[in-house]
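1. Predicted model and sequence below, questions to follow.
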Amino acid sequence: MQRLLRVAHRDAGAVREETLARRTQHAAGPTYIRVVDEAEASGQVWRDEVRMRPTAEQDRDALARLVEEDSDPFEVELYEQAADPQVLSIDRAQRSYAGQYARHLRWLQARQQHKGC
């Protein structure tokens with residue numbers, strides 16, 4: 001279980017925000033608090049959004065079906081934009097990066113659990 005809390009700290013008169021993640025392991029396991037900076041938190045949100053959204057190929061196919069039924073100029077423009085090879089390449093690269101990072105986190109977690117044993 002993970003809850004994100006926003007906390008403001010005062011350091012030499014300046015206020016900075018941090019995101020605290022509180023994770024609770026099994027009932028017998030320890031509870032700890034980890035400080036997560038804004039970049040890491042926003043990166044996680046971005047990776048979650050990349051995984052949740054439909055792929056560019058799915059968007060292209062759905063728009064192609066719409067264009068086949070009725071050739072609305074706006075839908076044709078959307079289809080042309082979705083069918084652009086650069087858009088498809090960027091979508092694949094973003095998904096690949098998000099997947100690589102998720103695998104890296106799983107590897108780090110397995111490594112940490114192995115060290116703990």
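-> Received, thanks.
2. hmm, who's touching stretch 60-72?
-> Defining contact as Cβ atoms under 8 Å, 6 or more residues apart in numbering, one finds that stretch 60-72 is touched by 54, 75-76, 78-79, 82-83, 88. For every residue, glycine as well, the C-beta is placed using N, CA and C.
3. Where does pLDDT dip in the chain?
-> 1-35, 117 (pLDDT under 70).
4. how about the strands of it, start to end?
-> 2-11, 14-24, 31-36 (DSSP state E).
5. Glu77 versus Leu63, what's the distance?
-> 10 Å (Cβ to Cβ, to the nearest Å).
6. Out of the two, name the residue with the larger neighbour count.
-> Neighbour tally, Leu63 and Glu77, criterion other Cβ atoms under 10 Å: the higher count belongs to Leu63, 19 against 12.
7. how near is that one to Arg47?
-> Counting by Cβ to Cβ, the gap from Leu63 to Arg47 is 25 Å.
8. next one: Leu105
-> 10 Å.
9. So for the two, which sits in the more crowded spot?
-> Arg47 (18 against 12).
10. What is the burial count for the closest residue to that one other than its chain neighbours?
-> Among residues not flanking Arg47 along the chain, Ala98 sits closest, at 4.3 Å (Cβ to Cβ, 6 or more residues apart in numbering). Residues lying near Ala98 (other Cβ under 10 Å) number 18.
11. Kindly report the same for Ala102.
-> 13.
12. Check Ala83 too.
-> 17.
13. got a list of what it touches?
-> 60, 63-64.
14. Gly43: which of those residues is nearest?
-> Closest approach to Gly43 among these (Cβ to Cβ): Arg60, at 26.9 Å.
15. ok, that closest one to Leu66 distance?
-> For Arg60 relative to Leu66 (Cβ to Cβ), the value is 11 Å.
16. Please say which of the two ends up with more neighbours.
-> Set side by side, Arg60 and Leu66 show more neighbours around Arg60, with 20 against 15, by other Cβ under 10 Å.
17. one step back: can you tell me which residues contact the residue nearest to Arg47?
-> Contacts of Ala98 (Cβ under 8 Å, 6+ apart): 46-47, 50-51.
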